[in-house]
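# 3D, please:
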Amino acid sequence: MALPVKKIFEMVTEMFAKGPMGEDGAQRVLEGVKDEIREIRANMDQVTDSDVLDMYIYRLKAAEAQYRHLLKMAKENNNQKKTG
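Residues are numbered from 1 along each chain as shown. So this is what the prediction gives:
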């Protein structure tokens, strides 16, 4: 089971606060968020209740926004390593 988006965000925030992280670490974190997105989408396919579907849509949008944010952070971190 994938880690919840909140937990992944906390881990990444802590990792970036400590300094540049390697590509392997960033890749693992991004893969974790992608796993969460895949899991949410799979669960959405099984839902028939509109309230539960709304919940999954909210979680999916949050996870996708988190993925974009983490990708941006990883790119910025990579650029800092190249210029620093």
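# Please count neighbours and contacts with C-alpha atoms only from this point.
OK.
# Spell out the secondary structure type for residue 46.
Going by DSSP: H, G, I helix; E, B strand; the rest coil, the secondary structure assigned to residue 46 is coil.
# Can you tell me how far it is from residue 38?
Distance check for residue 46 against residue 38: by CA to CA, to the nearest Å, it reads 13 Å.
# So what touches stretch 42-51?
53, 56-57 (CA atoms under 8 Å, 6 or more residues apart in numbering).
# roughly how far out does it sit from the chain middle?
For stretch 42-51, the gap between its own C-alpha mean and the chain's C-alpha mean amounts to 21 Å (CA atoms, centre = their mean, to the nearest Å).
# what's the answer for stretch 47-54, then?
Taking CA atoms, centre = their mean, the mean C-alpha location of stretch 47-54 is offset from the chain mean by 23 Å.
# List the buried residues of it.
Applying a neighbour-count criterion of 16 or more other CA atoms under 10 Å, the buried positions in stretch 47-54 are residue 53.
# Could you shift the numbering so residue one becomes 43, and keep it that way?
OK, 43 is where the count begins now, so the last one is stretch 89-96.
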